[in-house]
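*Asks:* when you get a sec, could you give me coordinates for this:
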Amino acid sequence: MLTRSFVAALALSLATPALAQDEAATAEAETEASQAQTVPDIALGAEDAPLTIIEYASFTCGHCANFHEENWPKLKSEYVDTGKVRFIQRDVYFDAVGLWAGILARCGGDDKYYAVSDMLFDDQKKWLSGGSGDEIASNLRKIGLKAGMSEEQMTACWDDKGTAESLIKTFQDNATADEIEATPTFIIGEEKVMNQPWDDMKKIIDDKLAEAE
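*Replies:* Here you go, the predicted structure:
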């Protein structure tokens, strides 16, 4: 899944929906992506929480949107907001559109990341409904404007090739290390957990919290 050519293809698909890819450009993108620096996680919740949960999620993944609609509010209110869990979302880029959304989520700064992420999942069907890359990009801009970003700010973020390459490398390194093959996938107390009904996930969280006591 995480081949160098896959990463290079993403690196070449930044702000414009269609970009010609020749062999020289692909080779250059592979080299630049491999040399990029990783970016730190953006965490939500108490630093001293006894349990950390990492979610690998793609903004274009329907199952991820369902999790954020149905289960994320429960996880946040019962565990994150109460200081029991420190939560980290790690973006997965299965396609260029997912990368565009990931760049937008970070464009407003760390403080706005989770708010913009929620908007992307809440309106996923709407912004993905565009019939072309241009329409999807326009839909994403509407979300950015709602989040308080300017047109110029979003353009600058999407045109920042270095940041895009860093996000791709971060995704590649983390997902490879944790052997992520599908989204959403969770790391709960260092155990990889696939997506499942809330009651089952809640039991796993409670068991991990009990072990941490």
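
*Asks:* from residue 147, how far out is residue 105?
*Replies:* For residue 105, the distance to residue 147 equals 9 Å [C-beta to C-beta, to the nearest Å]. For glycine as for every other residue, the C-beta is placed from the backbone atoms N, C-alpha and C.

*Asks:* where's residue 128 relative to residue 62, distance?
*Replies:* Separation of residue 128 from residue 62 (C-beta to C-beta): 9 Å.

*Asks:* quick one, which of those two is more surrounded?
*Replies:* Neighbour comparison, residue 128 and residue 62: the larger count goes to residue 128, with 19 against 13 (by other C-beta atoms under 10 Å).

*Asks:* how about the longest helix seen in the chain: buried residues?
*Replies:* Secondary structure of the chain per DSSP state H: the longest helix is helix 161-177. Within helix 161-177, the residues scored as buried using 16 or more other C-beta atoms under 10 Å are 163-172, 174-175.

*Asks:* show me the strands in this structure, by range?
*Replies:* 43-44, 51-57, 85-91, 185-188, 191-194 (DSSP state E).

*Asks:* format the ones you listed as TSV; extra columns: mean neighbour count.
*Replies:* Shown next, in TSV, are the strands of the chain (neighbours: other C-beta atoms under 10 Å):
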stretch	mean neighbour count
strand 43-44	18
strand 51-57	23
strand 85-91	21
strand 185-188	20
strand 191-194	13
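
*Asks:* ok, which of these comes nearest residue 212?
*Replies:* strand 51-57 (5.7 Å; C-beta to C-beta).

*Asks:* dump the residue contacts of the nearest residue to residue 114 once chain neighbours are set aside.
*Replies:* Spatial nearest neighbour of residue 114, chain neighbours left out: residue 44 (5.7 Å); criterion: C-beta to C-beta, 6 or more residues apart in numbering. When the contact criterion is C-beta atoms under 8 Å, 6 or more residues apart in numbering, the partners of residue 44 are 76, 80, 86-89, 114.

*Asks:* list just the nearest of those to residue 206.
*Replies:* Closest to residue 206, out of all of the contacts of residue 44 and judged by C-beta to C-beta, is residue 80, at 14.5 Å.

*Asks:* any idea how far the residue nearest to that closest one when sequence neighbours are not counted is from residue 81?
*Replies:* Nearest non-adjacent residue to residue 80, counting by C-beta to C-beta, 6+ apart: residue 45, 4.3 Å away. Separation of residue 45 from residue 81 (C-beta to C-beta): 8 Å.

*Asks:* between these two, which is the more surrounded one?
*Replies:* Taking neighbours as other C-beta under 10 Å, residue 45 and residue 81 compare with residue 45 leading, 20 against 13.

*Asks:* how many neighbouring residues does residue 178 have?
*Replies:* 15.

*Asks:* that one reaches residue 56, doesn't it?
*Replies:* Yes - assessed by C-beta atoms under 8 Å, residue 178 is found in contact with residue 56 at 7.2 Å.
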